[in-house]
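> Need coordinates for the below:
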Amino acid sequence: MHELAERVLRHIRREELLLAGDRVGVAVSGGIDSVALLRLLLELRGELGIVLSVVHFNHRLRGTESDADQEFVAGLAREHGLEFHAASGDAAQLAAEGHSGVEAAARELRYGFFRLLLGSDEVDEIGPEDPQGLEPESSGELNGTAEAVPFPGPSATTSETALLLDKIVTGHTRDDQAETVLMRVIRGTGLRGLGGIYPRILVEREDENGHGEIVRPLLGTRRGELEQYLVDLKQLWREDSTNADSKFTRNRVRSLVLPLLEREFNPAVVENFSELAEIARDEEDYWENEISGWLGTVVQWSQPEWTRGLPGFEGSQALVQIQPSHSAASPELLERLEQPGPAVMNASVSRPWLLTEPRAVQRRVLKAIGERAGIPLEFKHVEEILRFAAEEGPAGKELSLPLGWKIRREPEAVVFVTPDLRRQERIPDYEYPLAVPGRALVPELGAVIEALLVTAQVTQEATPEARVAEYNPQELLWAGLLPRRLMVRNWRAGDRFWPAHTKSPKKIKELLQERHAAQPERRLWPVVVSGDEIVWMRGFPVPARLRAEAGQEAVLIRETPWAVEEQGI
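So this is what the prediction gives:
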């Protein structure tokens, strides 16, 4: 047995990542990490007593190169007599439709497929309305319809194999862990974010019969060790050309930042980041247990006064978003009650208890209330609440919070007060500064709006493949025409925007009606303004007069989900 295989075996047994009898799908992209993981588990499957199969997702980002990756992985499965599960999805299209980055869209598609194979119905990671973004593929024909191809033997469908897997293993390494932690530190994160890539993610099954797991058994292994292992075995792998593309943040961290830190500051920096992530995860586990106790004791949930008499609220003490089936209330109020959003319950916490606890406990309990109630509280909000709670003054004074919530100070408590939906308090206007380059967290959207400085490298006539490889020119603004400080806000009545390929500016209200954007999404639709001019609007090409030409320094504005990598990549 290879020395690396022995170490991985000890790690798997120590952490109980894989157990005898587990049906394990190995996620193989074709690159070094995943191919090495497959070969290691082939070497260890007798010792572990597991049944292996191969899982591959084709993101369609590199045209024929992506198809060749799938053919290579299918060949590995065939060579070793393993069942092959494959699917594909258009990550670039999903990113455009979902207003997210390509990397985030690819991850949503990939993990949606993993969950299906583990027997979960949680396919909403693929997109709120877009399970069709996930398409099955056969191993022999990329436009086929068979989702699982056993070698040897007849093909089977995903419906037949969806519950065959107990676990899916991915090839994330110690290097990936260090990159993730460093990127989160750079962007700003808390203890949960410092936990990096988690060694396992539980996936609840649709039939509520136990759960599956996504497992990362190589988080203690360096990428260089895996490459040497494949060289020793004379095993080929595929090189992903996008790994050298410096427009991706992770690639720049991998090729520039971490090597610099290792060379100039600390050769063990990767190991140190990995250890930091492990410490942070253990700390977070401890705090999660403490939080569950607080929310059931020192925090009291109560029905808002304005809901008295409304059907569906009588005697309700549950923290839920009420969905009334009938009511004498106005249709407008019923519509607002049925919209997704924060829970319709007040939360009260003992003021003397809160103010005498350590600062760490204070922050945790306030953040937990926000998460439970659906209030997106940033660090600045939590600190403002603590200052407000500690102030002396008359009872009844209020402080405004995101999404129309308020916190009211009373002699013995601070009370989180839900918005009064009779007065449409739920969705206030928002406005945040956006530096160029920089990013703005928009809690109302649950998203981050980023402004990146790039170079326009393609022309309008570029092929779809080239646009994916570089940037879509329809989304690039000429940096020379923009200030270094923009503003992100929701659109307001009377706002107009002039997207490219239209004859004249149009009211945003009309553009969204044509797009059939639904409430409350329409109300929150983001725009970016320079002075009094709207220069970017979600889902539309930038104005023709502001568009960057090839070779010019450009600004790319994009929207990504907030904390999309909370549990790993």
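> make it CA atoms for all contacts and neighbour counts henceforth
OK.
> For the stretch 401-550 of the chain, which segments count as helices?
Using DSSP state H, counting those that start in this stretch, the helices found in the stretch 401-550 of the chain span residues 464-469, 508-515, 521-524.
> Run through this structure and note the low-pLDDT ranges.
96-101, 121-163, 207-209, 247, 306-343, 421-428, 456-472, 518-521, 562-569 (pLDDT under 70).
> any idea which helix is longest in it?
Scanning the chain for the longest helix, with DSSP state H as the assignment, gives helix 269-295.
> Could you check that helix and say which residues are buried?
If you call a residue buried by 16 or more other Cα atoms under 10 Å, then helix 269-295 has these buried ones: 269-271, 273-278, 280-281, 284, 291, 294-295.
> Tell me which other helices or strands it touches.
Contact partners of helix 269-295 among helices and strands, from 3 or more Cα pairs under 8 Å, 6 or more residues apart in numbering; DSSP states H and E: helix 174-187, helix 191-194, helix 258-264, helix 359-373.
> Rebuild these as CSV, extending it with distance to Glu239 and mean neighbour count.
As requested, those are exported to CSV (distance: least, Cα to Cα, whole Å; neighbours: other Cα atoms under 10 Å):
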stretch, distance to Glu239, mean neighbour count
helix 174-187, 17, 20
helix 191-194, 29, 20
helix 258-264, 20, 14
helix 359-373, 41, 17
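> Just send these back as JSON lines, with distance to Glu79 too.
Converted to JSON lines, the helices and strands packed on helix 269-295 look like this (distance: least, Cα to Cα, whole Å):
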{"stretch": "helix 174-187", "distance to Glu79": "29"}
{"stretch": "helix 191-194", "distance to Glu79": "40"}
{"stretch": "helix 258-264", "distance to Glu79": "37"}
{"stretch": "helix 359-373", "distance to Glu79": "48"}
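> Can you check which of those helices gets nearest to Ala500?
Among the helices and strands packed on helix 269-295, helix 174-187 comes nearest to Ala500, with 32.1 Å by Cα to Cα.
> So which residues make contact with the closest one?
By Cα atoms under 8 Å, 6 or more residues apart in numbering, the list of residues contacting helix 174-187 from outside reads 193-197, 218-223, 250, 253-254, 258, 270-271, 273-274, 277, 568.
> Can you report how many residues neighbour Gly188?
For Gly188, the neighbour count with other Cα atoms under 10 Å is 10.
> Leu377 versus that one, what's the distance?
14 Å (Cα to Cα, to the nearest Å).
> same check, this time on Asp22
Distance, Asp22 to Leu377, by Cα to Cα: 41 Å.
> what's downstream of the helix or strand Lys380 falls within, the next helix or strand?
Applying DSSP states H and E as the criterion places Lys380 in helix 379-390. With elements assigned by DSSP H and E, the helix or strand that comes after helix 379-390 is strand 398-400.
> His56 is in contact with His85, correct?
Yes - the pair His85 / His56 is scored as a contact, 6.3 Å apart, by Cα atoms under 8 Å.
> Now do the contacts for Gly25.
Each residue near Gly25 by Cα under 8 Å, 6+ apart is listed here: 52-55, 165, 167-169.
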